[in-house]
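K.L.:
sequence and computational prediction follow.
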Amino acid sequence: MWAEVLRRPARTVSTSIFAPASTPAEAIHHLSLFVLTICTAIFLVVAGLLVYSIVKFRRSPDDDNREPAQIYGSNQVELAWTVIPMLIVVVLFLATARVIHAVQDAQLPADTVEITAVGHQFWWEFRYPQQGFITANELHVPVSAPAHPTPTHITLLSADTDHSFWVPRLAGKTDLIPNRTNSMWIDPHEVGVYDGQCAQYCGTQHAKMLLRVIVEPRADFERWVAGQRSFARTSGRIPRGRRVFETTACVNCHTVCGTDAHGTFGPDLTHLMSRGTIAAGAAPLTQDNLRRWIKSPDSVKPGSKMPAMQLTPDELDAVTAYLLTLE
């Protein structure tokens, strides 16, 4: 079901932090409104005093050119513009510290879903250590119902350079830094597809390092997990497309369970057709786009790390047909 939903024509989806659908995002949303309110009040006070001064003390036709009387040493004014900003900074600091503590030091239940996200140039690898499989670019998690909270804890790693994991409606952005382990958590309250983005410039195709979080009912999530754990076992004659795939450099970068392909440089393709996009969200996953992606990756995603394999038209058709069977 979800494979069909994900391959439907794309629709506009809100990625605003002002439409939170997870506890960390809600905390950030409330903090943003609080800071915005204080900043608006400061702006109104300063702008109001400025307008009052302009109107009250504007020059009239009867004024001469002499400098008006100067007033020095107002202790009340100096005290006000020192103490009030200090109080504002302290209040903002305490409010921010409270949200950071609530998000970073939250106690998660024992049945929390554990996922490891690895940032690559320019795609996302998602490992499910509890379930024992790996996927790419589209992160599936169960919805967290109020009656039975089911948060998802995400360990963040980088395979090459700095990246940043950001799904605005679910949580604040968190960086992925080489040789360092960061983490975050989400507990989506609504079923749906949430768009995200790498939010740290990481190279030529940073802007097309997209991701999607698919939030499903628990039963649908378990069925998806069962499907990801399984893989097709070929009996009898091996399809020509698979033979071409296994005898080219494809196997050096990609994994397809049950075959000779065990590469880890590129995405795991075992269940490629369960996803809605290719090239980390650069194009919808259709037969034509898949064929074009294999033939000339730069035509879909300029600067991609995937090389053109220089396949003949017949080989290209065979490999495309084979990959379309990987559900």
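P.N.:
Now that the structure is in, tell me what you want to look at.
K.L.:
wouldn't residue 293 be in contact with residue 284 here?
P.N.:
No - using C-beta atoms under 8 Å, residue 293 is not in contact with residue 284; the gap is 11.0 Å. For every residue, glycine as well, the C-beta is placed using N, CA and C.
K.L.:
what about stretch 228-243, how long is it end to end?
P.N.:
23 Å (C-alpha to C-alpha, to the nearest Å).
K.L.:
scratch that, stretch 287-302
P.N.:
20 Å.
K.L.:
stretch 298-308 now?
P.N.:
8 Å.
K.L.:
wait, doesn't residue 240 sit right on residue 316?
P.N.:
No - Residue 240 is beyond contact range of residue 316, at 11.8 Å (criterion: C-beta under 8 Å).
K.L.:
which one's more surrounded, these two?
P.N.:
Comparing residue 240 with residue 316 by other C-beta atoms under 10 Å, the one with more neighbours is residue 316, at 18 against 15.
K.L.:
show the average pLDDT along the helix ranked longest in the chain.
P.N.:
The residue-count maximum for a helix in the chain (DSSP state H) belongs to helix 23-56. When pLDDT is averaged over helix 23-56, the result is 94.
K.L.:
ok, stretch 230-237 next?
P.N.:
61.
K.L.:
quick one on the thing from earlier: anything in contact with each of residue 293 and residue 284?
P.N.:
Common neighbours of residue 293 and residue 284, counting by C-beta atoms under 8 Å, 6 or more residues apart in numbering, are residue 278.
K.L.:
out of these two, which sits in the more crowded spot?
P.N.:
Counting neighbours by other C-beta under 10 Å for residue 293 and for residue 284 shows that residue 293 has the greater number, 22 against 16.
K.L.:
run a quick neighbour tally on residue 253.
P.N.:
Neighbour tally, residue 253, other C-beta under 10 Å: 16.
K.L.:
please name the nearest non-neighbouring residue to it.
P.N.:
Spatial nearest neighbour of residue 253, chain neighbours left out: residue 266 (3.7 Å); criterion: C-beta to C-beta, 6 or more residues apart in numbering.
K.L.:
what sits against the one you found?
P.N.:
123, 253-254, 305-306.
K.L.:
one more: residue 92?
P.N.:
35, 38.
K.L.:
tell me the buried residues in the helix or strand hosting residue 155?
P.N.:
Using DSSP states H and E, residue 155 maps to strand 152-158. For strand 152-158, the neighbour count (16 or more other C-beta atoms under 10 Å) marks 152-158 as buried.
K.L.:
and the contacts of that strand?
P.N.:
Counting contacts by C-beta under 8 Å, 6+ apart, the residues outside strand 152-158 that touch it are 108, 112-119, 141-142, 144, 165, 174-178, 180-188.
K.L.:
now which of these would you call buried?
P.N.:
Neighbour counting by 16+ other C-beta under 10 Å classes 112-113, 115-119, 141-142, 144, 165, 174-177, 182, 184-188 among the contacts of strand 152-158 as buried.
K.L.:
those in helices, which ones?
P.N.:
Per DSSP H, those never map to helices.
K.L.:
let's verify residue 214: helix, strand, or coil?
P.N.:
Secondary structure assignment for residue 214 (DSSP: H, G, I helix; E, B strand; the rest coil): strand.
K.L.:
from memory it sits against residue 140, does it?
P.N.:
Yes - the criterion here is C-beta under 8 Å, and residue 214 meets it with residue 140 at 4.8 Å.
K.L.:
contacts for stretch 113-120?
P.N.:
By C-beta under 8 Å, 6+ apart, the residues outside stretch 113-120 that reach it are 124-130, 139, 141-142, 150-160, 163, 165, 176, 198, 202, 209.
K.L.:
can you show me the strands along the stretch 201-327 of the chain?
P.N.:
Secondary structure of the stretch 201-327 of the chain (DSSP state E, counting those that start in this stretch): strands located at 210-216, 277-278, 283-284.
K.L.:
any weak-confidence spans in the protein?
P.N.:
Low-confidence segments of the chain (pLDDT under 70): 1-14, 68, 232-238.
K.L.:
try 50 this time
P.N.:
Applying pLDDT under 50 to the chain flags residues 1-12, 235.
K.L.:
and the closest residue to residue 118 other than its chain neighbours, backbone torsions?
P.N.:
Leaving aside its chain neighbours, residue 118 sits nearest to residue 125 (4.1 Å; criterion: C-beta to C-beta, 6+ apart). As for residue 125, its main-chain torsions (degrees, to the nearest 10) stand at phi -110, psi 130.
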